[in-house]
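Below: sequence and its predicted model.
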Amino acid sequence: MSGTDRLRLAIIIGSTRDGRFGPTVAGWLASRARRRADLEVDLIDLAEARLPQTLPDHDGDLPEPVRALAPRLAAADAFAVVTPEYNHGYPAPLKTAIDWYYDEWKAKPVALITYGRESGGRNAAAQLRQVFGELHAVTIRDGISLPCYWEQFAADGSWPKAGADCNTAVKTTLDQLTWWALALREARVRRPYTT
């Protein structure tokens, strides 16, 4: 693909906690996505975005951090949300980030990359499918679930181990995500999506 045909993938790190594992997962995903000729990656860390926790009335002015992130989300053809599962759900800063925006999500695909204990974040993924559906985004079928992710460190301290299941799942996830991203981008050009 030429530079203008490449799809822009925004990888969003959904946790802002100290000691979080999200940047490790997002860095791994970004490195795999950057190997593809059809993707351009924008890594968005919500801890660095510093979005306010309180949303104003609908007619209120948008704070500067919200205005600063909006063009990056709007420019994305697809999203990969990297999130842990906390208490069978996803982190509050991720919900706040989703709620600050509306048009930026519409008619775009979202891959869910979740991690946690034995569930691997599947409960968080189920909730996010509902939320993104309400925003007219399309969550793809195959995401990546990382149960007991701490067990996937290699002896040299790198993550994940060469034989980890996620190393196979990432290709399927990125293939589906790029298919949907291209299809939806072409559809938005031909016929703008309205709600």
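Perfect, thanks for sending it.

At which residues are the helices of the protein located?
22-34, 46-49, 64-75, 92-100, 122-134, 166-190 (DSSP state H).

measure L177 to T168 for me?
L177 sits 15 Å away from T168, taking CB to CB, to the nearest Å as the criterion. All C-beta atoms are positioned from the backbone trio N, CA, C, and that covers glycine.

More neighbours: which of those two?
L177 (25 against 11; other CB atoms under 10 Å).

Grab the nearest non-local neighbour of the more buried one.
A111 (4.7 Å; CB to CB, 6 or more residues apart in numbering).

Could you report the pLDDT at that neighbour?
A111 is assigned 98 on the pLDDT scale.

L55 too?
84.

now swap in R188 and tell me
94.

how about it, what does it touch?
Residues in contact with R188 (CB atoms under 8 Å, 6 or more residues apart in numbering) are A107.

Repeat that for R50.
Per CB under 8 Å, 6+ apart, neighbours of R50: P65.

so what's it scoring on pLDDT?
In this model, R50 is scored at 95, pLDDT.

For it, give its distance to P23.
16 Å.

how near is C148 to D103?
According to CB to CB, C148 stands 38 Å off from D103.
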